[in-house]
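Novice: predicted model, plus sequence, below.
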Number of protein chains: 2
Amino acid sequence: MNEIRINERTARADFDLAARLAAMHTADAIELFEELELDDIINIFTALPLDQAVQILDQPEMRQAPAVLVGLPLHTACAIIEAMSTDRVTDIFHELDPSQRARLVEGLQPETIAALRNLLRYPPNTAGSLMTVEYVSVPSDWTVAATLRHIKEVERSRETVYAIYVVDKQTKRLLRALALRTLISAAPDMPIMQAGRDITPVTVHPLTDQEEVARLFRRHDLLAVPVVNKSGRLLGIVTVDDVIDAMTQEMTEDTHKFGGMEALNRPYMQIGFLQMIRKRAGWLGVLFLSEMLTASAMQYFEVELEKAVVLTLFIPLIMSSGGNSGSQATSLLIRALALNDIRLRDWWKVALREIPTGLVLGSFLGAIGIARITTWQMLGLYDYGPHWILIAATVGTALIGIVTFGSLAGSMLPFVMQRLGFDPASASAPFVATLVDVSGLVIYFSIALLILSGTLL
Amino acid sequence: MNEIRINERTARADFDLAARLAAMHTADAIELFEELELDDIINIFTALPLDQAVQILDQPEMRQAPAVLVGLPLHTACAIIEAMSTDRVTDIFHELDPSQRARLVEGLQPETIAALRNLLRYPPNTAGSLMTVEYVSVPSDWTVAATLRHIKEVERSRETVYAIYVVDKQTKRLLRALALRTLISAAPDMPIMQAGRDITPVTVHPLTDQEEVARLFRRHDLLAVPVVNKSGRLLGIVTVDDVIDAMTQEMTEDTHKFGGMEALNRPYMQIGFLQMIRKRAGWLGVLFLSEMLTASAMQYFEVELEKAVVLTLFIPLIMSSGGNSGSQATSLLIRALALNDIRLRDWWKVALREIPTGLVLGSFLGAIGIARITTWQMLGLYDYGPHWILIAATVGTALIGIVTFGSLAGSMLPFVMQRLGFDPASASAPFVATLVDVSGLVIYFSIALLILSGTLL
């Protein structure tokens, strides 16, 4: 008795909430769902009108979407999926396990299943994985008026109607991409092929990387780009909202990689403890093993170290300066390569710029270093011994050498990455620092041997 | 005589090129201009039809735009400027010096001058600096059909017609934002206020940061966002293409800052040598001065150093591990804060996650470190002396402490930045490394004193 009353109350609350959701922005509704338990969310979705359920689940920000679709009664879930955009359903299907997927597929229309099968083939981060098949296309013998009438009819079921694709009637090859605004101001009886400029449309292939897709959107100020196969047949389109999401995701991944870890693709708080450890331990371990070479380098210079412990005082200072200048150069070149400001073949131009830059920056730091040693010695804050001038000279010269090496190595690393077929953005600041640390020690001790042998060494 | 013939030939060549440009994508034309001298570009522009000149100069990628407008005859330049989008002209005017600006302003219409003056007031990286005043707005008592007729008339002079803004007739306050697609499928005689959902439009203020603008585009899948003043009056709109450009620019700036330098806003190869030095020397100098504390710390532990030179062998290894784990944590939190995955008030939740993460990662590296010392000692590769077990214990314990401290400090730094009113993305990998280096040395020597006093120390 009591339980029934509670359920009744819950059901009413769900309907009330569903009514409130109708007056909210989709994004705000999604934020509200983040606070709720899955069971409550599923109850609300059973009470929501279809078009609003679709609108909410269509957003990639709605992270509980896979669980909601699995939890809903099969016919409700399938009605929603039929009305959702295929690219979003593809993403959701990628997150389901095979048995859940199979159950949902049972209730879908054959055409929807075929479209999904098709899209599920494309690897993530490609144009194919971002594309939708809900676009507007018309045969090349239509008029402007016929096209506009068609748009009016299909508007509800298309992801965008602002880009219209004209295809060859027989071959289905893409002939022209038109903006809706051009059609609106064109004469109604004009043949569609005469509206807009006679220009080959910008297209991508299904396997084009999403970074390249984003570059094309930027370059041509697109709202959508058609995806065509090798023979020019239209397969689907990628819309600007998906590109913005992809850019944001790339930016997060690139930052994580530059910070020296594997990219995380979920929010910080939603990563499990063990997965977090795994994503960070890998690179940390590799860097640690590489950095062990510094211990070997120092063991090699053991005799010098014993004779002149004063030299060790400056090891962290000198090494970190090399790492810092390297990290600067790497950040510069990662972006220059990503923006196509610089091509792979221009590596030598960059090298010819970084060497003088490193020399000037190294001299600047070297001067500060010498000033510091001189001041401390003069003011009696610390006694670097009778050969303090030579020590200061060693530190100054080493800084020039190491900062120059750091700038050069840091700037070349993204080129090496690209040349080896990796993303230049995989070059990380800690990796550059490690690279420069090991060679920096060798530079430092070699210069010390050169300047100090016969006196301290 | 000879000279005249050359000029004639040049003029013909310019006309030929102008004809070829008509069949090219704007972006390709711009790329072609990159290879040409300024004089040639200006000659071509005098031969180009107005609408094409406008289309090319409207692109931010057309870097010579300011120089071209200055170089063209005044009446040509002004005709182009009148037809260009005001947001782009504003950007160009920002690059001109006052005398060049004054000359161009002379030839412009009073309304254009007023619009430009208005836009030039807004600081860079704000919604105001990105916005254009070429939008479609209609009074609230119009019908759908009247609105569509209006769009057809003004289409050519508007940056976008896909978002339509309904404003109050008297107060000019923004009442509703509508998508063109909704209008196309609505009944023609429907009052405009009844088309579309009854929902408060998403708006920004002119001083809203462009990062926040980008976040709203992502959240609501917008093609344009209206900019309103405090009383809700429509001032302009920001379109998605400008947001994509702004996102790309932010990404470059954030990468440069994370790499430990001032952000560069021009392509690598176009930065002057001195400017490059200036952008890099500042932070390099600050980091160098901070890192000098490592020398002070080591001077403080001088006695211990003299007694146990063997401890110095592991200084680079231990310090870099702290910096690396800090850099990982910083990259994670910079993005989590940028994406609003985590709010400022959640800092303690992050701290409570980073401490156990750091302990596990530190133990992992510590175990490798101990294994390395043991192996070298056992295989006779190096002799760490009779107390090698204690040394190994020192290194292992220090790694746990330093990696934990690094993870904690690295994750808290972006919060501190945000709390102090800076962009969390200003937290750089080298800065974290420096922070951790100094404290890492103190941790290392303190643990050494604890474990080794009575034996080595």
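Specialist: Arrived safely.
Novice: okay, now A:Thr20: neighbour count?
Specialist: For the record, residue A:20 is Arg, not Thr. 11 (other CB atoms under 10 Å in any protein chain shown). Bear in mind the C-beta positions are built from the backbone N, C-alpha and C, glycine included.
Novice: in what helix or strand does it lie?
Specialist: helix A:2-21 (DSSP states H and E).
Novice: what of A:Val138?
Specialist: Per DSSP H and E: strand A:136-139 holds A:Val138.
Novice: check which helices and strands that strand sits against.
Specialist: The contact analysis (3 or more CB pairs under 8 Å, 6 or more residues apart in numbering or on different chains; DSSP states H and E) places strand A:136-139 against helix A:144-154, strand A:163-167.
Novice: right, so these: which one is the most enclosed?
Specialist: Of the helices and strands packed on strand A:136-139, the one with the most neighbours on average (mean count of other CB atoms under 10 Å in any protein chain shown) is strand A:163-167, at a mean of 22.
Novice: how distant is that strand from the center of its chain?
Specialist: Its chain's average C-alpha position is 30 Å from that of strand A:163-167, according to CA atoms, centre = their mean, to the nearest Å.
Novice: give the next helix or strand downstream of that strand.
Specialist: Next element after strand A:163-167 (DSSP H and E): strand A:174-179.
Novice: alpha carbons of that next one, as CSV, please.
Specialist: Output in CSV follows, covering the C-alpha atoms of strand A:174-179 (Å, rounded to 0.1, in the frame of the first residue of the first chain):
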residue,chain,number,x,y,z
LEU,A,174,28.8,15.2,-55.9
LEU,A,175,28.6,18.1,-58.3
ARG,A,176,28.1,21.2,-56.3
ALA,A,177,27.7,22.4,-52.7
LEU,A,178,25.3,25.3,-52.2
ALA,A,179,24.4,27.5,-49.3
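Novice: say whether chain B is contacted by that strand.
Specialist: No - judged by CB under 8 Å from any CB of the partner chain, strand A:174-179 and chain B are separated, with a smallest distance of 9.1 Å.
Novice: tell me where the stretch 151-300 of chain A has helices.
Specialist: Assigned by DSSP state H, counting those that start in this stretch, the helices in the stretch 151-300 of chain A fall at A:180-184, A:210-220, A:240-258, A:273-300.
Novice: tell me which of those helices sits nearest to A:Arg20.
Specialist: helix A:240-258 (25.5 Å; CB to CB).
Novice: list the helices and strands the closest one packs on?
Specialist: Using 3+ CB pairs under 8 Å, 6+ apart, helix A:240-258 sits against helix A:127-130, helix A:210-220, helix A:315-338, helix B:210-220, helix B:240-258, helix B:315-338.
Novice: how about the ones you listed in a markdown table, adding mean pLDDT?
Specialist: As requested, the helices and strands packed on helix A:240-258 are exported to a markdown table (pLDDT from 0 to 100):
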| stretch | mean pLDDT |
| --- | --- |
| helix A:127-130 | 92 |
| helix A:210-220 | 92 |
| helix A:315-338 | 92 |
| helix B:210-220 | 92 |
| helix B:240-258 | 92 |
| helix B:315-338 | 92 |
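Novice: and for the residue of the stretch 1-150 of chain A found nearest chain B, the neighbour number?
Specialist: Using CB to the nearest CB, the single residue of the stretch 1-150 of chain A nearest to chain B is A:Ala27, 4.4 Å away. The tally of other residues near A:Ala27 (other CB under 10 Å) stands at 18.
Novice: A:Val70 versus A:Ser99, what's the distance?
Specialist: A:Ser99 sits 10 Å away from A:Val70, going by CB to CB, to the nearest Å.
Novice: for those two, indicate the residue with more neighbours.
Specialist: Between A:Ser99 and A:Val70, counted using other CB under 10 Å, A:Val70 has the larger neighbour count: 19 against 7.
Novice: ok, and the closest non-adjacent residue to the spatially most central residue of chain A?
Specialist: Among the residues of chain A, the one closest to the centroid is A:Glu250, at 0.8 Å (CA atoms, centre = their mean). Excluding the flanking residues, the one nearest A:Glu250 by CB to CB, 6 or more residues apart in numbering or on different chains is A:Glu211, at 6.0 Å.
Novice: surely that neighbour touches A:Met251?
Specialist: No - taking contacts as CB atoms under 8 Å, A:Glu211 lies outside contact range of A:Met251: 10.5 Å.
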